[in-house]
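**Student:** Have a look at this prediction, sequence included:
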Amino acid sequence: MPDPATRPNASGHASFRVALPRAKVPAVGTPDMRSLTTLAGAVVIVAGLYLGRDVLIPVTLAILLSLVLSPLIRMLRRLRLGRVVSVVVAVFIALGILLSIGGVIGSQLAELANDLPRYQSTITSKIETLQRMTTGRLGTVLDRASRDYQVQPPTAQPNTPDVRPETAQQAKPLPVEVHQPEPTPLEMLGTYVSPVLSPLAHLGIVLIVTIFVLLQREDLRDRLIRLFGSSDLHRTTVAMDDAAYRLSRYFLTQVAINASFGIVIGFGLMLIGLPSPILWGIVAGLLRFVPYVGAILGAVLPVGLAAAVDPGWSMAIWTAGLFLAIEPVIGHIIEPLAYGHSTGMSPVSVVLAAIFWSWIWGPIGLLLATPLTLCLVVMGRHIDRLEFLDVILGDRPALTPVENFYQRTLAGDPDEAQEQAELLLKDRSLCSYYDEVAIKGLHLASADVRRGVVTGPQLERIRESVAELVLSLNDHEDVEPEAKAESQSVGARMMRLSPAEQKLPRDAPPPLPDPALLPDSWRQDGSVLCIAGRGPLDEISANLLAQILRKHGFGTRVVPHQAVTRREVGTLDATGARMLCVCSVELQGSPSNLRFLLQRLQRRAPDAPMLVGVWQDDDPALRDEELRKTLGAQFLVGSLRDAVVACAKVAGETAPATPAADTVPAA
C-alpha cells in the first residue's frame, strides 16, 4: 500500500506533500483545577452525607415511601377521592401496616423472651456435645501425646517457706462496695421512654415529609426540571420518566417479592413447629432487602433457635433446608422475571454500594444501598457530567459495540470481535450488524488514520482482523431473526439504550431480496464487481459488500484500488460484469477522485450500471441528487442494505420477461 503521505497526480505518478506531525498522546501531568474541584466536591458530599445522616435518612425514607405509595394514590384518585384525601388515606394505611408489624414483632419478642429459660438446658447440652466432639477429642489427643513424650524432671528438696510473724499478723483488707443512688422517677422515665421516642420521632418525620412530597409532587417535578434541564425539556422529561419508572417498578416489585418470601418462610416455620414463626418471617422479609447476604442473615437466628428448641438436630436441618429451597427459587427464577433480567446495576456496584452506604448511614444505609445506587445510575445515564456514575455502577458495557469492534481489531483480537458479533447477531441480520457496527467501527479507524495516530503495522492488523472476522461469519445466513425478548434486552444493553429509548419508534429497514428470485445470469462469478476506493480501509468495506451480495445469490468479485488506477485500469477484466459497485468508507473532501474513477470504469464497462456506496448513512450530503449526477452514477447509497436492494432492483429490471401461458378455451 502506498504511503499516506503520497498522492497520485493526474498522470498516475506519486506526488509528495508535506506530512503533518502525528498527534501524540499528552503526557500525564499535574491535575488541573477542574479535577481538583471535582475531588473537593466529592469529599464535601461524602462528609455531608455522614454528618447530616440524622436529617437525610428520614428524608430519603420519605421519598422512597412516596414512590411506593404513588400507585395506591393513583388508585384512590380513580375512585374520585380528592388529592388530599387520597394522600392522607394512603399514608394512614402505610402507618397502620408499619405499626401492626411493629406490634407483632414486639409481642413475638416478649413471648420468645419468656420461653428462653426453657431452652437453656438444651443449648448447654448441645454446646457440651459439640465441645466433646471437637476440642474435647483434640485435648485428649494432646494429653496422650504429652504423657508419651514427657521427660521427668529431677527431684528437688522442697523449700520451706519463710514465714515472718509480722506478715502473718497483718489484717485482711476490708471489702468496699459502691452503691449507686436510687434513680428518681424522672430518670427512670427517661431510661425507659427515650429508646421508644427516638424511633417514633423519626417515623413522624418520615410521615410528615411523605405527605408534603405527595401533595407537592408536580411542583417538585417542575422545580427539578427548572434546576437541571430547563434548556432541554425533552431530555429532562425522558430522564425523569426513566427514573420514576425504574425506581417505582423496582421498589414495588422488591416489596412484593420480599413480603411473599417472608410469608412463605413464616408459614413453613409454622409447619416445622418453630416458636414465633411470624417474627422470623417478618425478619426474613426485612433482611432480604439487604443484597446478597440478607437471606443468609435471616436464616441464622431461626436455625439457631431450632437447634435450641429441639434436643436433636432434625428441626434445625428442616429450617435450614427451607431457606435453601426458597431462596434460589426467588433469587434465580422469580426476581429475573420480575425485574426484566436486570435492574440496571452491575453486581460489583451492588456490593460496593452496600459497603459504602452501611459505612455512611449504618444498618439503614445497608437497606437503602440498592435503591440509592439505582438513583445514581439513572442520573449518570441522563446527565453528561455524571456519566461516570453510569460507567462505574451501571450494567451496560463501558464501550459501545462500535468502540469495542474497533478496539478489538486494533488490538488484533478477531476472536473476541467474533464473540461480540455472534451475540449481536441473535437479534439482527448480518447486513444490519455490518451497517450498525462494523462500518461505523471502520469510521473510527479512518478518523485515526487521518489524524496520523495509526501506524502502518496497526493498519495492517486492522485489515487482517476484519478479514478473519468476515471469513468466520461466512456461514452465517443474512436473515432477520425472530423477535425474542431476551435477545432484544441483551442487544439493547450492549447498544447502551435505556428503557425509555428502547420504546421510541424506529423506522423499519427495507426488506432484503429473496435469493430465489435472482436471475441465473446474475449468479455467475464477477456479475457484480465490488471495487475499492482509494481510502486505506475501502477494500475492507468492499469485502463486506461482496459477502452480503453472495448471501443473496449474486456472483461477486472484489477489485482492489490498485487495479483501477489510471495505469492499471486498462488491464481490468470486466467480462460478464452486469453492475459495478464502488465502495468508500467515507467521502473525504472533493468527490473528484470518485468521479474520475467512475469515468475510467465507464470506459471499461459501458453497459454496466454504476453504484457508489459511501458508507455514511447519517450524512445528509448523500441524499443530494446533484451529488449523484456529479459523480455520474445511477445509484448513490449510504449503507450495505441499500446497496443490496439497488442491485436486486437492477437485476429484476434486466431479467427476461416470463412468457404467458397458453389459454385453454372453456368447454
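**Tutor:** Everything's here; your move.
**Student:** C-alpha only now, for contacts and for neighbours.
**Tutor:** Will do.
**Student:** distance of Ser346 from Leu322?
**Tutor:** According to CA to CA, to the nearest Å, Ser346 stands 29 Å off from Leu322.
**Student:** Please apply the same query to Val348.
**Tutor:** Val348 sits 28 Å away from Leu322 when distances are taken as CA to CA.
**Student:** Looking at those two, which one has more neighbours?
**Tutor:** Taking neighbours as other CA atoms under 10 Å, Val348 and Leu322 compare with Leu322 leading, 17 against 12.
**Student:** Any idea which helix or strand in this structure has the lowest mean pLDDT?
**Tutor:** None of the helices or strands of the chain scores lower by mean pLDDT, DSSP states H and E than strand 14-16, at a mean of 39.
**Student:** Which secondary structure elements does the next helix or strand after that one sit against?
**Tutor:** As assigned by DSSP states H and E, the chain's next helix or strand after strand 14-16 is helix 33-51. Counting contacts by 3 or more CA pairs under 8 Å, 6 or more residues apart in numbering; DSSP states H and E, helix 33-51 packs against helix 347-361.
**Student:** Going C-terminal from the helix it packs on, what's the next secondary structure element?
**Tutor:** On the C-terminal side of helix 347-361, the nearest following helix or strand under DSSP H and E is helix 363-382.
**Student:** how far does that next one sit from the chain's center?
**Tutor:** How far helix 363-382 lies from its chain's middle: 14 Å, per CA atoms, centre = their mean, to the nearest Å.
**Student:** mind listing what's buried in that helix?
**Tutor:** Neighbour counts using 16 or more other CA atoms under 10 Å place 365-374, 376-382 of helix 363-382 among the buried residues.
**Student:** So, low pLDDT: which residues of the stretch 1-150 of the chain?
**Tutor:** 1-32, 115-116, 118-123, 126, 129-150 (pLDDT under 70).
**Student:** try 50
**Tutor:** Residues of the stretch 1-150 of the chain meeting the criterion pLDDT under 50: 1-29.
**Student:** where do the helices sit along it?
**Tutor:** With DSSP state H, counting those that start in this stretch as the criterion, the stretch 1-150 of the chain has helices at 33-51, 53-78, 83-115, 120-131, 137-149.
**Student:** what's the most buried one of the ones you listed?
**Tutor:** Comparing these by mean neighbour count (mean count of other CA atoms under 10 Å), helix 53-78 ranks first with a mean of 18.
**Student:** now it: how far from the chain's centre is it?
**Tutor:** Relative to the mean C-alpha coordinate of its chain, helix 53-78 is positioned 26 Å out (CA atoms, centre = their mean).
**Student:** between that helix and helix 33-51, what angle do the directions make?
**Tutor:** If you take axes from the mean of the first three to the mean of the last three CA atoms, to 10 degrees, helix 53-78 sits at 80 degrees to helix 33-51.
**Student:** what ranges do the strands span in this structure?
**Tutor:** In the chain, the strands defined using DSSP state E lie at 6-8, 14-16, 528-532, 556-559, 579-584, 610-614, 635-637.
**Student:** rank the ones you listed by mean pLDDT and give me the bottom one.
**Tutor:** Of all these, the minimum mean pLDDT falls on strand 14-16 (a mean of 39).
**Student:** mind showing which ranges of this structure have poor pLDDT?
**Tutor:** The model of the chain has pLDDT under 50 over residues 1-29, 163, 168, 341, 484-495, 497-506, 657-667.
**Student:** number of nearby residues for Ala353?
**Tutor:** Using other CA under 10 Å, Ala353 has 23 neighbouring residues.
**Student:** Perfect, I'm done here.
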